[in-house]
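1. Structural data only, the sequence is not supplied:
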């Protein structure tokens, strides 16, 4: 079964409803419910005076979908607890796992490890359905274009996240840290032997993509509770610090939100930390320092690069030659360091068909053979590293 047919097969089968879904002789998908214990980190009230898109201005703590959600685990068929786990982290502003389902199935088949598809806060199924409602988001995008006539790449696909981050760019920090603490909580439950699919001494590795690479780097640099002391991390289409990526895309952020987010996270964050007790409290911890080190290439470079150097043999990355969101040279700039002397393996590849950052393996029948060949080319390297 090639990539195209596997994509069609998996998207027709996998949903959040059943607790168990038999995929084939090799793979079973399980669904579990996770309840976040870290919603208190989020803003506790709507923004004062923000009313133009009311459904996007509710208090973040009140968004039930973000607090309690289902997650998929792709596991080898046959039962028993797994001694190996791969955390799969997705990209920015994504609402469904469809493109990742063949990735997870391939990882299971080739490594024998169980793959946890863990959603980032307020993305995937951790967001209200209204944020994906075509009619409502068309209206939200129209309002943004009317309010900001020079806006670039405003669309129904990014209207929700663009509106929310422009109004309160701190949301990037709080949602990122909530996800960080949720992952740590999840791994803690596994270590305590509470998860039915994992041994208490389970080894944890990571495959990350796009902004998921940012999350994996923060986890690796901070190494909470020593969970990632021996972990291997493979980054695909990701790896640079925040201010070396270009997130303006009709699939990710519009230009107005991107400027506002950049201003807050890169140009003025250190000043905000000095004047905001809550930011200071969270961003001066080990996790907060790791987070800050991945925002600005020119800040905390010695800390970031010294950490990467000690774990360089446990990190590998593939970048795409024509990726306009995550340029391949910026992957090297961060992972190999300012002097290109950190021995992290970074490879740049190109594909012989039209692709974009958001869709490296298009599920199109007309190019199915070419996509299948490149998918296997990339994932043989990923599985070999994580296996």
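-> That came in fine, so what should we check first? These figures come from a predicted structure and were not determined experimentally. Residues are numbered from 1 along each chain as shown.
2. Can you show me the strands along the stretch 1-150 of the chain?
-> Taking DSSP state E, counting those that start in this stretch as the criterion, the stretch 1-150 of the chain contains strands spanning 20-22, 27-35, 68-76, 82-89, 114-117.
3. what do you get for the stretch 151-300 of the chain?
-> With DSSP E, counting those that start in this stretch as the criterion, the stretch 151-300 of the chain has strands spanning 198-209, 233-236.
4. Please identify the deepest-packed of those strands.
-> Most buried of the strands of the stretch 151-300 of the chain by mean neighbour count (mean count of other Cβ atoms under 10 Å) is strand 233-236; its value is a mean of 27. C-beta: built from backbone N, CA, C; applies to glycine.
5. From the chain's centroid, how far away is it?
-> Averaging C-alpha positions (Cα atoms, centre = their mean, to the nearest Å) puts strand 233-236 11 Å from its chain's average.
6. could the strands of the stretch 1-150 of the chain go into a markdown table alongside distance to residue 333, mean pLDDT and mean neighbour count?
-> Converted to a markdown table, the strands of the stretch 1-150 of the chain look like this (distance: least, Cβ to Cβ, whole Å; pLDDT from 0 to 100; neighbours: other Cβ atoms under 10 Å):
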| stretch | distance to residue 333 | mean pLDDT | mean neighbour count |
| --- | --- | --- | --- |
| strand 20-22 | 41 | 97 | 12 |
| strand 27-35 | 35 | 98 | 17 |
| strand 68-76 | 33 | 98 | 21 |
| strand 82-89 | 21 | 97 | 22 |
| strand 114-117 | 29 | 98 | 26 |
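7. Throw these into a markdown table and include distance to residue 188, thanks.
-> Shown next, in a markdown table, are these (distance: least, Cβ to Cβ, whole Å):
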| stretch | distance to residue 188 |
| --- | --- |
| strand 20-22 | 24 |
| strand 27-35 | 12 |
| strand 68-76 | 16 |
| strand 82-89 | 13 |
| strand 114-117 | 14 |
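8. Any stretches of the stretch 101-250 of the chain with poor pLDDT?
-> For the stretch 101-250 of the chain, no stretch has pLDDT under 70.
9. Show me where it has its helices.
-> All helices of the stretch 101-250 of the chain, identified by DSSP state H, counting those that start in this stretch, fall at 101-111, 134-147, 159-167, 170-191, 211-222.
10. which one of those lies closest to residue 128?
-> helix 159-167 (8.8 Å; Cβ to Cβ).
11. Now do the closest one: everything it contacts.
-> Helix 159-167 is contacted by residues 47, 50, 53, 56-57, 92-93, 122, 127, 131-132, 137-138, 140-141, 144, 154, 171-172, 252-254, 256-257, 260-261 when judged by Cβ atoms under 8 Å, 6 or more residues apart in numbering.
12. Filter the residues you listed down to the buried ones.
-> Using 16 or more other Cβ atoms under 10 Å as the burial test, the contacts of helix 159-167 include 53, 56-57, 92-93, 122, 127, 131, 137, 140-141, 144, 154, 171-172, 252-254, 256-257, 260-261 as buried.
13. sorry, back to before: dump the helices of the stretch 101-250 of the chain to CSV, plus distance to residue 371.
-> Shown next, in CSV, are these (distance: least, Cβ to Cβ, whole Å):
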stretch, distance to residue 371
helix 101-111, 10
helix 134-147, 27
helix 159-167, 28
helix 170-191, 30
helix 211-222, 21
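14. Between those helices, which one is closest to residue 354.
-> Nearest to residue 354, of all the helices of the stretch 101-250 of the chain, is helix 101-111, at 19.1 Å by Cβ to Cβ.
15. and the closest one with strand 198-209, angle?
-> 130 degrees (axes from the mean of the first three to the mean of the last three Cα atoms, to 10 degrees).
16. For helix 101-111, which helices and strands make contact with it?
-> Counting contacts by 3 or more Cβ pairs under 8 Å, 6 or more residues apart in numbering; DSSP states H and E, helix 101-111 is packed against helix 3-13, strand 27-35, strand 68-76, strand 82-89, strand 114-117, helix 368-386.
17. Quick one: distance of it to the chain centre.
-> How far helix 101-111 lies from its chain's middle: 18 Å, per Cα atoms, centre = their mean.
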